[in-house]
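>>> Kindly generate the corresponding structure for this input.
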Amino acid sequence: QLILPVFVEEGATRAVPIPSMPGVVRHTEAGLGEVVARARDLGIGAVMLFGVSQHKDACGSDTWNPEGLMARMIRGARRAAPDMLVISDNCFCEYTDHGHCGVVEDEQVLNDPTVANLVRQVLTAAHAGVDMIAPSGMMDGMIAAIRAGLDGAGFSHLPVMSYSTKFASAFYGPFRDAVDSSFKGNRATYQLDAANAREALAESLRDEEEGADILMVKPGLAYLDVLAAIRASCARPLAVYQVSGEYAMIKAAAAAGLMDERALVMETMTAFRRAGADMILTYFAEDVARWLRSG
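Alright, predicted model coming up:
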């Protein structure tokens, strides 16, 4: 039920701590295998890979380069632990010089050109050996286009986990430090308004119709009602992402001596499962796995 997000910084020679996320680092490419193998040995079912690219451009073209960072990460994780499920986060914000999730023109993200580029990206991931695709850009029609692209290239067996209900949230702040994002402005034109639960449900239902195998709600704690509503309306497996801001708040409260970290983390895990999540992406995944083993 646990998925561990892993950050990998291109060109790094040592692990780089992320100050806003105590205990989380950007790993080196050479160190990725050790991280994946350790997660496997703890019983964690999957890792999701996030690249911190040093080859950014206006459209994120490094993501469809078969020798680019995304493809190298996938191959490295697969070599280290062939029995671990390797998931690629498929977006452009870590690979564009403007930090937005697609092609930008007149300060607007263009949906259709971004979707076309996204298909190129996921096919590169597929050829690199990824086990699951996870498109996170919230572009309209992206699941149908990705499914058609994968099927047409002989990858009909690859599942797609869609970030189908992703809110324009203040909880993402530390993540932008984690991926060294140059992002400015906001993503309100393509991510969801926190107030609009009906649109959130509609987005997931549409992605289900387009062929998504797994649906996701992101962030987690502030949107348990949305998660429960999707669970009541959809037959697909559901994931929830406990995002960087949620992680940072718990860490800050524990560091200040205000709350018991282990008890608080496990309570949030229970809340996600109770609301309907089948799987949980969390930066606490290794801690949770250890705590469960120790009883």
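
>>> now the strands: where do they sit in the protein?
2-9, 16-17, 25-27, 46-52, 85-90, 103-105, 108-110, 132-135, 161-166, 214-218, 238-242, 279-282 (DSSP state E).

>>> Can you tell me which helices and strands the last one packs against?
Using 3 or more C-beta pairs under 8 Å, 6 or more residues apart in numbering; DSSP states H and E as the contact definition, the elements that strand 279-282 packs against are strand 2-9, strand 238-242, helix 261-275. Placement of C-beta: from N, CA and C, glycine included.

>>> how about the longest one: buried residues?
Counting neighbours by 16 or more other C-beta atoms under 10 Å, one finds that the buried residues in helix 261-275 are Leu264, Val265, Met266, Thr268, Met269, Ala271, Phe272, Ala275.

>>> Spit out the contact partners of Val115.
Taking C-beta atoms under 8 Å, 6 or more residues apart in numbering, we find Val115 in contact with Met139, Asp140, Gly141, Met142, Ala145.

>>> and with 7 Å instead?
Contacts for Val115 (C-beta atoms under 7 Å, 6 or more residues apart in numbering) come out as Met139, Gly141, Met142, Ala145.

>>> go on, Leu85?
Contacts of Leu85 (C-beta under 7 Å, 6+ apart): Gly45, Ala46, Asp131, Met132.

>>> how about the nearest residue to the last one, chain neighbours excluded?
Beyond its immediate neighbours in the sequence, the residue positioned closest to Met132 (C-beta to C-beta, 6 or more residues apart in numbering) is Ile87, lying 4.4 Å away.

>>> So the one you found is in contact with Gly129, correct?
No: Ile87 is beyond contact range of Gly129, at 11.9 Å (criterion: C-beta atoms under 7 Å).

>>> follow-up on the earlier one: out of the contacts of Leu85, which one sits closest to Lys56?
Taking C-beta to C-beta as the measure, Lys56 sits nearest to Met132 out of those, at 24.9 Å.

>>> Around that closest one, how many other residues sit close by?
Around Met132 sit 19 other residues, with neighbours defined as other C-beta atoms under 10 Å.

>>> distance of it from Gly257?
For Met132, the distance to Gly257 equals 39 Å [C-beta to C-beta, to the nearest Å].

>>> Arg290 too?
Plainly put, Arg290 is 22 Å away from Gly257 if you go by C-beta to C-beta.

>>> for Thr268, same thing?
19 Å.

>>> ok, what's across the strand from the residue positioned nearest the centre of the chain?
For the chain, the residue nearest the mean C-alpha position is Asp89 (4.9 Å; C-alpha atoms, centre = their mean). Judged by DSSP bridges, the bridge partners of Asp89 are Ala134.

>>> So it sits against Ala134, correct?
Yes: assessed by C-beta under 7 Å, Asp89 is found in contact with Ala134 at 5.5 Å.

>>> okay, and the common contacts of the two?
Met48.

>>> so what's Gly173 closest to, chain neighbours aside?
Excluding its sequence neighbours, the residue lying closest to Gly173 (C-beta to C-beta, 6+ apart) is Gly245, at 5.6 Å.

>>> Could you dump the strands of the chain into a markdown table with mean pLDDT added?
As requested, the strands of the chain are exported to a markdown table (pLDDT from 0 to 100):
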| stretch | mean pLDDT |
| --- | --- |
| strand 2-9 | 97 |
| strand 16-17 | 94 |
| strand 25-27 | 96 |
| strand 46-52 | 96 |
| strand 85-90 | 96 |
| strand 103-105 | 74 |
| strand 108-110 | 78 |
| strand 132-135 | 96 |
| strand 161-166 | 94 |
| strand 214-218 | 96 |
| strand 238-242 | 98 |
| strand 279-282 | 98 |
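
>>> How about the contacts made by Leu238?
Counted by C-beta under 7 Å, 6+ apart, Leu238 has contacts Leu215, Leu227, Ile230, Arg231, Gly276, Ala277, Asp278.

>>> So which of those is the closest to Phe155?
For the contacts of Leu238, the minimum distance to Phe155 (C-beta to C-beta) is 20.0 Å, reached by Leu215.

>>> ok, so what distance separates that closest one from Ile133?
Using C-beta to C-beta, we find Leu215 at a distance of 14 Å from Ile133.
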